[in-house]
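In: have a look at this fold, sequence not included:
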(Lines give C-alpha, C1' and ligand atoms only; values in the text may rest on other atoms or scores of the structure.)
Protein backbone atom coordinates (compact mmCIF):
# COMPACT_ATOMS: atom_id res chain seq x y z
CA UNK A 1 0.00 0.00 0.00
CA UNK A 2 2.87 2.38 0.87
CA UNK A 3 4.44 1.78 -2.54
CA UNK A 4 1.11 2.44 -4.26
CA UNK A 5 0.76 5.78 -2.45
CA UNK A 6 4.40 6.56 -3.28
CA UNK A 7 3.73 5.90 -6.99
CA UNK A 8 0.55 8.02 -6.95
CA UNK A 9 2.32 10.95 -5.23
CA UNK A 10 5.22 10.70 -7.66
CA UNK A 11 2.91 10.59 -10.68
CA UNK A 12 0.79 13.50 -9.45
CA UNK A 13 3.87 15.55 -8.58
CA UNK A 14 5.28 14.98 -12.05
CA UNK A 15 1.97 15.70 -13.77
CA UNK A 16 1.33 18.90 -11.82
CA UNK A 17 4.89 20.11 -12.22
CA UNK A 18 4.99 19.48 -15.97
CA UNK A 19 2.04 21.80 -16.50
CA UNK A 20 4.02 24.79 -15.24
CA UNK A 21 7.35 24.06 -16.93
CA UNK A 22 8.63 25.69 -20.08
CA UNK A 23 11.03 24.11 -22.55
CA UNK A 24 13.91 26.32 -21.43
CA UNK A 25 15.27 23.44 -19.29
CA UNK A 26 15.65 21.07 -22.24
CA UNK A 27 19.30 21.96 -22.68
CA UNK A 28 20.68 18.61 -21.62
CA UNK A 29 22.89 17.50 -18.77
CA UNK A 30 24.80 20.10 -16.78
CA UNK A 31 28.54 19.84 -16.61
CA UNK A 32 29.72 17.55 -13.84
CA UNK A 33 33.11 19.26 -13.73
CA UNK A 34 31.97 22.36 -11.84
CA UNK A 35 31.14 21.45 -8.27
CA UNK A 36 29.03 24.49 -7.40
CA UNK A 37 25.43 24.45 -6.29
CA UNK A 38 23.45 27.59 -7.07
CA UNK A 39 19.83 28.64 -6.41
CA UNK A 40 17.31 25.82 -6.94
CA UNK A 41 20.10 23.34 -7.46
CA UNK A 42 20.40 19.80 -6.21
CA UNK A 43 23.83 18.19 -6.24
CA UNK A 44 24.67 14.65 -5.14
CA UNK A 45 26.97 11.75 -5.92
CA UNK A 46 25.89 8.24 -6.83
CA UNK A 47 28.64 5.66 -6.51
CA UNK A 48 31.10 8.58 -6.60
CA UNK A 49 29.71 10.16 -9.82
CA UNK A 50 28.56 13.78 -9.44
CA UNK A 51 25.03 14.71 -10.47
CA UNK A 52 24.22 18.42 -10.76
CA UNK A 53 20.58 19.15 -11.44
CA UNK A 54 17.77 21.34 -10.21
CA UNK A 55 14.59 21.04 -8.23
CA UNK A 56 11.88 20.08 -10.71
CA UNK A 57 9.17 19.76 -8.07
CA UNK A 58 9.60 20.76 -4.45
CA UNK A 59 6.21 20.98 -2.84
CA UNK A 60 4.27 20.40 0.35
CA UNK A 61 1.25 18.09 0.36
CA UNK A 62 -1.39 16.75 2.75
CA UNK A 63 -3.07 13.37 2.30
CA UNK A 64 -5.03 13.70 5.54
CA UNK A 65 -2.21 12.62 7.87
CA UNK A 66 -0.29 15.87 8.18
CA UNK A 67 1.85 17.93 5.86
CA UNK A 68 4.61 16.18 3.95
CA UNK A 69 7.26 17.34 1.52
CA UNK A 70 8.06 16.03 -1.97
CA UNK A 71 11.42 16.70 -3.60
CA UNK A 72 11.96 15.61 -7.20
CA UNK A 73 15.01 16.49 -9.28
CA UNK A 74 14.75 17.62 -12.90
CA UNK A 75 14.91 14.85 -15.47
CA UNK A 76 15.46 17.61 -18.06
CA UNK A 77 18.78 18.65 -16.49
CA UNK A 78 20.06 15.12 -15.92
CA UNK A 79 18.38 11.77 -16.59
CA UNK A 80 19.63 10.55 -13.19
CA UNK A 81 16.87 11.57 -10.78
CA UNK A 82 16.07 11.41 -7.10
CA UNK A 83 12.61 11.63 -5.58
CA UNK A 84 12.14 11.89 -1.81
CA UNK A 85 8.95 12.17 0.22
CA UNK A 86 9.28 13.36 3.79
CA UNK A 87 6.64 12.80 6.47
CA UNK A 88 6.96 16.35 7.75
CA UNK A 89 7.95 19.82 6.64
CA UNK A 90 9.99 21.24 9.51
CA UNK A 91 13.72 21.70 9.95
CA UNK A 92 15.34 18.55 11.34
CA UNK A 93 16.61 15.07 10.42
CA UNK A 94 14.41 12.45 8.78
CA UNK A 95 15.50 8.83 8.34
CA UNK A 96 15.23 7.35 4.84
CA UNK A 97 13.87 3.87 4.19
CA UNK A 98 10.64 1.86 4.43
CA UNK A 99 10.36 2.25 8.19
CA UNK A 100 11.78 5.78 8.30
CA UNK A 101 10.20 9.20 8.35
CA UNK A 102 11.13 9.68 4.69
CA UNK A 103 11.29 7.43 1.66
CA UNK A 104 12.28 7.75 -1.95
CA UNK A 105 14.12 6.42 -4.92
CA UNK A 106 16.92 6.98 -7.40
CA UNK A 107 16.51 6.35 -11.12
CA UNK A 108 19.71 6.04 -13.18
CA UNK A 109 17.66 6.90 -16.29
CA UNK A 110 14.34 8.67 -15.88
CA UNK A 111 13.26 7.31 -19.29
CA UNK A 112 13.46 3.79 -17.81
CA UNK A 113 11.07 4.11 -14.86
CA UNK A 114 11.17 0.38 -14.11
CA UNK A 115 14.86 0.62 -13.24
CA UNK A 116 14.48 2.18 -9.80
CA UNK A 117 16.59 1.97 -6.66
CA UNK A 118 14.74 2.55 -3.37
CA UNK A 119 16.39 4.18 -0.39
CA UNK A 120 17.14 1.45 2.16
CA UNK A 121 18.69 3.76 4.72
CA UNK A 122 20.08 7.22 5.09
CA UNK A 123 19.10 10.66 6.27
CA UNK A 124 17.67 13.83 4.80
CA UNK A 125 18.26 16.92 6.93
CA UNK A 126 16.10 19.97 6.36
CA UNK A 127 18.40 22.80 7.33
CA UNK A 128 15.91 25.57 6.58
CA UNK A 129 12.45 25.73 5.06
CA UNK A 130 11.02 29.17 4.44
CA UNK A 131 7.36 29.19 3.40
CA UNK A 132 7.36 32.99 2.95
CA UNK A 133 10.20 33.20 0.43
CA UNK A 134 9.47 29.59 -0.68
CA UNK A 135 12.98 28.22 -0.28
CA UNK A 136 14.35 24.91 0.99
CA UNK A 137 17.89 24.05 2.04
CA UNK A 138 18.74 20.47 2.92
CA UNK A 139 21.35 17.72 2.78
CA UNK A 140 20.88 13.99 2.19
CA UNK A 141 22.75 10.71 1.94
CA UNK A 142 21.94 7.03 1.98
CA UNK A 143 22.04 3.67 0.28
CA UNK A 144 19.71 2.72 -2.57
CA UNK A 145 18.88 -0.81 -3.73
CA UNK A 146 17.17 -2.16 -6.85
CA UNK A 147 14.94 -5.23 -7.20
CA UNK A 148 17.96 -7.36 -8.19
CA UNK A 149 19.73 -6.54 -4.92
CA UNK A 150 22.33 -4.13 -6.36
CA UNK A 151 23.14 -1.30 -3.97
CA UNK A 152 24.63 2.13 -4.62
CA UNK A 153 25.77 4.84 -2.21
CA UNK A 154 24.19 8.29 -2.54
CA UNK A 155 26.49 10.83 -0.89
CA UNK A 156 27.06 14.56 -0.55
CA UNK A 157 23.45 15.43 -1.40
CA UNK A 158 22.74 19.13 -1.14
CA UNK A 159 19.68 21.21 -1.94
CA UNK A 160 20.57 24.88 -2.25
CA UNK A 161 17.72 27.40 -2.12
CA UNK A 162 15.34 24.88 -3.66
CA UNK A 163 12.29 26.63 -5.10
CA UNK A 164 9.42 25.50 -2.87
CA UNK A 165 5.99 25.68 -4.50
CA UNK A 166 3.69 28.01 -2.55
CA UNK A 167 0.92 26.53 -0.43
CA UNK A 168 0.02 22.95 0.37
CA UNK A 169 -1.53 20.57 -2.17
CA UNK A 170 -4.41 18.59 -0.62
CA UNK A 171 -4.96 15.07 -1.96
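Out: Yes, it's here. Only a predicted model underlies this, so the values are computations on that prediction, with no experimental measurement involved.

In: how near is the residue with the largest distance to the centre of the chain to residue 66?
Out: The C-alpha centroid of the chain is most remote from residue 148, which lies 22.5 Å away (Cα atoms, centre = their mean). Per Cβ to Cβ, to the nearest Å, residue 148 is found 34 Å from residue 66. Bear in mind the C-beta positions are built from the backbone N, C-alpha and C, glycine included.

In: centre of the chain to stretch 106-124, how far?
Out: Put simply, stretch 106-124 sits 10 Å off its chain's centre (Cα atoms, centre = their mean, to the nearest Å).

In: and the end-to-end length of it?
Out: The first and final residues of stretch 106-124 sit 14 Å from each other (Cα to Cα, to the nearest Å).

In: so where's the chain shaky on pLDDT?
Out: Scanning the chain for pLDDT under 70 picks out 1-37.

In: show me the helices in it, by range?
Out: 2-19 (DSSP state H).

In: those strands in it, which residues are they?
Out: For the chain, applying DSSP state E gives strands covering 41-46, 49-62, 67-73, 81-86, 92-95, 102-107, 117-130, 135-145, 151-163, 168-170.
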